[in-house]
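Asker: From the sequence below, what's the structure:
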Amino acid sequence: MSLETFETLQHTTIRQKVLGSLIRSQAFDEAFYYDGPLGASYTAEQTTFRVWSPLAAKVELICYQDATPNSPIATVQTMTETYLGTFEVTLQQDCRNLVYSYLIYYAPHASVYSQDPYATGATVNGQRSVVIAPDDVALKNFKRLKGIPPTDAVIYELHIRDFSIDPNSGISQKGKYLGVVEEQTTTPTGQATGFDYLKELGVTHVEILPFYDFATVDETHLAEAQYNWGYDPLNYNVPEGSYSTDPYDPLVRIRELKQMIKKLHTAGIRVIMDVVYNHVYEPKEHPLHKTFPGYYFRYQADGELANGTGVGNDLASERKMMRKFIVDSVVYWAKNFHLDGFRFDLMGNLDLETMQAIRKALDEIDPTILLLGEGWDLATTLPAEKKAIQQNAQQIPRIAFFNDRLRDQIKGDVFSDQHTGFINGGVLFEPDLAQQLLAGAFTPTTPYTSPQQIIQYAEAHDNLTLFDKLVKTNPNDTPQQRIKRNTLGTSLVLLAQGIPFIQAGQEFLRTKQGDPNSYRSPDNINQLDWEQAASLHIVTNYFKQLIALRRTHRLFHLKSYEDIRHHARLVAAYDQLIVIRLFDRHNEFLLAFNASTATRKLPLIDFKRAELLLSNALPQEKIAEKKAHRHQQLLPLSATIFYHSF
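Answerer: Okay, here's the model as predicted:
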């Protein structure tokens, strides 16, 4: 009997009801929860291999001769069933770089080879697991950066391949971990690119799209153009091999990822890992399913997989061993790669208790590690009151949520090409958008405990870029109008209370040629166009100044609702105009956003001593000329900051 036949029998009506209700019950979770170490526990003298597989009749440890693809079997060790569904065996030798897998028997003639779900090393394409000796991948003076309060952060989302693959990037290690931190790179015209550009921009964090081992890029054919965002997990605790210079060597990907993170830290830039613990690429081929079919995923009443994620399967974070796996995995990455934060894809598919457990575990390592995620309410089998969604934010107070409300008020509904928001001709957005810019501090109710729970953004890797949305909604705009609308939208994000988040290239009008879902589109769609950054240097300089201003003055990153209520006032919110006043005992700022195509008067007569500080509508040299004017005019499609000190 093959495993496929066994699974077919397992999911017949009678067997599914009996077996499924048993292994997915709370009673089973309580009876078989194992809280000890899993995977390969290495020392130079011995390594213990341990796997949790309660349905297995027998498990064998299969060791291979080397890490080459299809390397023959060297030894077979029968593992001992110990307790709570675990099997283990100890090899009394130095097992560094040992290639292995588990052969799991579910019936006399039903068996399957599986990678170790807890493996920290893998062969090319992640098909077999590898024992990693920590000393072999250690870096000297590698540590986490000192943390900062969440609202002090400015997050820049990038994809490793996008960042360097442009033929004009001047980067030699294109599409690689090392390419992200390659120094002294420029375009043919002299525009700084990559790492040097990033340092100049002034962001505090980079949030990097998935760099664990994912399924859909063939690491044996890297000479071919292959692309994926990486939301298709295979080996959760192994770095992706296609970003390394040698995917055949299991150690190289680990060392080079650490080198990338270390160099970003050296530049004062913290690293947030994008993680996907809500689904896998192909359940039947995933080691979680192979080691225990029917447990790790959510199922509907008829035995079919739940699909709240929209990609065919939902991981069941509420089950104790799934929760343990997620927490153990996050802790592994935090400790071994000194990561400064984690961004949870489709966090609303996870349960509150799991997110609380993650926060608690990371607090024991470093309480400043930033946690953020997508709190959308997905149609999975988990009850709404247990989901890590926006409505339940107060139950996970030190985890931040993406604010889709601000996003859609700025530019219009992301699920409609033609729907408009404040910056592109929409009407009646001003009152609510103004409240979102103040993190909801003045609204009667808010699901959040503080502005530190709110990720303010207008654009991310999903959906149309801000520029491409403007092309759809305002096709008759001049190039200058489009630039102003784009910079106005991004200015709203960077001047909002909360945690600002921008996609790489957003600051120089990144386009994906109208592709709203470029997860596997070619490089010419996804790559950062560094020559465009050069042609829009006035715009990028404006954003450097804006980021510097935000980081310099505490009024732009207040920590609590009480602080916002004490130091902020809404002056105007009507007729395509929003004006906000920020003040303390020594400083006063006026933030004026004019989404009209006409010049407007500044509606605050008692702010006459203010000087024009920064504007997306005027180059810096023009601002110097305007400072003497007392009665300021707000130019069309402008974000303007006025300032005076007491």
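Asker: which intervals of the stretch 451-600 of the chain have sub-threshold pLDDT?
Answerer: Within the stretch 451-600 of the chain, no stretch has pLDDT under 70.
Asker: what do you get for the chain?
Answerer: By pLDDT under 70, the low-scoring segments of the chain are 1-18, 604-606, 608, 626-631.
Asker: most centrally placed residue in it?
Answerer: residue 274 (3.1 Å; C-alpha atoms, centre = their mean).
Asker: Which residues are in contact with that residue?
Answerer: Listed by C-beta atoms under 8 Å, 6 or more residues apart in numbering, the contact set of residue 274 reads 207, 208, 209, 210, 211, 230, 342, 343, 345. C-beta: built from backbone N, CA, C; applies to glycine.
Asker: now the fourth one: how far from residue 170?
Answerer: Pointing back at residue 210 there. Separation of residue 210 from residue 170 (C-beta to C-beta, to the nearest Å): 26 Å.
Asker: With the last one instead?
Answerer: Going from residue 345 to residue 170 by C-beta to C-beta gives 32 Å.
Asker: again with the fifth one
Answerer: Noted for residue 211: a distance of 23 Å to residue 170, by C-beta to C-beta.
Asker: Same check on residue 405?
Answerer: With distances taken as C-beta to C-beta, residue 405 is found 40 Å from residue 170.
Asker: Which of those two has more residues huddled nearby?
Answerer: Ranked by neighbour count (other C-beta atoms under 10 Å), residue 405 and residue 170 place residue 170 first, with 21 against 15.
Asker: Am I right that that one is in contact with residue 183?
Answerer: No: applying C-beta atoms under 8 Å as the test, residue 170 and residue 183 come out as separate, 10.7 Å apart.
Asker: looking at it, residue 128 is touching residue 115, isn't it?
Answerer: Yes: contact status for residue 128 versus residue 115: in contact at 6.5 Å, counting by C-beta under 8 Å.
Asker: Overlap of the contact sets of the two?
Answerer: Common contact partners of residue 128 and residue 115 (C-beta under 8 Å, 6+ apart): 101, 122.
Asker: now the helices for the stretch 351-500 of the chain?
Answerer: 352-363, 404-411, 430-437, 466-473, 479-494 (DSSP state H, counting those that start in this stretch).
Asker: and the ones you listed as JSON lines, adding distance to residue 239?
Answerer: As requested, the helices of the stretch 351-500 of the chain are exported to JSON lines (distance: least, C-beta to C-beta, whole Å):
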{"stretch": "helix 352-363", "distance to residue 239": "20"}
{"stretch": "helix 404-411", "distance to residue 239": "30"}
{"stretch": "helix 430-437", "distance to residue 239": "37"}
{"stretch": "helix 466-473", "distance to residue 239": "31"}
{"stretch": "helix 479-494", "distance to residue 239": "30"}
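Asker: Which of those sits closest to residue 522?
Answerer: Among the helices of the stretch 351-500 of the chain, the nearest to residue 522 by C-beta to C-beta is helix 466-473 (16.2 Å).
Asker: how far off helix 404-411 does that closest one point, in degrees?
Answerer: Helix 466-473 runs at 50 degrees relative to helix 404-411, counting by axes from the mean of the first three to the mean of the last three C-alpha atoms, to 10 degrees.
Asker: What lies in contact with helix 466-473?
Answerer: Contacts with helix 466-473, where a contact means C-beta under 8 Å, 6+ apart, come from 411-412, 414, 417-420, 423-425, 458-459, 463-464, 477, 482, 485-486, 489-490, 506, 509-516.
Asker: Try it again at 6 Å.
Answerer: The contact list for helix 466-473 (C-beta atoms under 6 Å, 6 or more residues apart in numbering) reads 411, 417, 420, 424, 458-459, 482, 485-486, 489, 509, 511, 514.
Asker: What residues sit buried inside that helix?
Answerer: Going by neighbour count (16 or more other C-beta atoms under 10 Å), the buried part of helix 466-473 is 466, 467, 468, 469, 470, 471, 472, 473.
Asker: What of stretch 78-85?
Answerer: For stretch 78-85, by 16+ other C-beta under 10 Å, it's 79, 81, 85.
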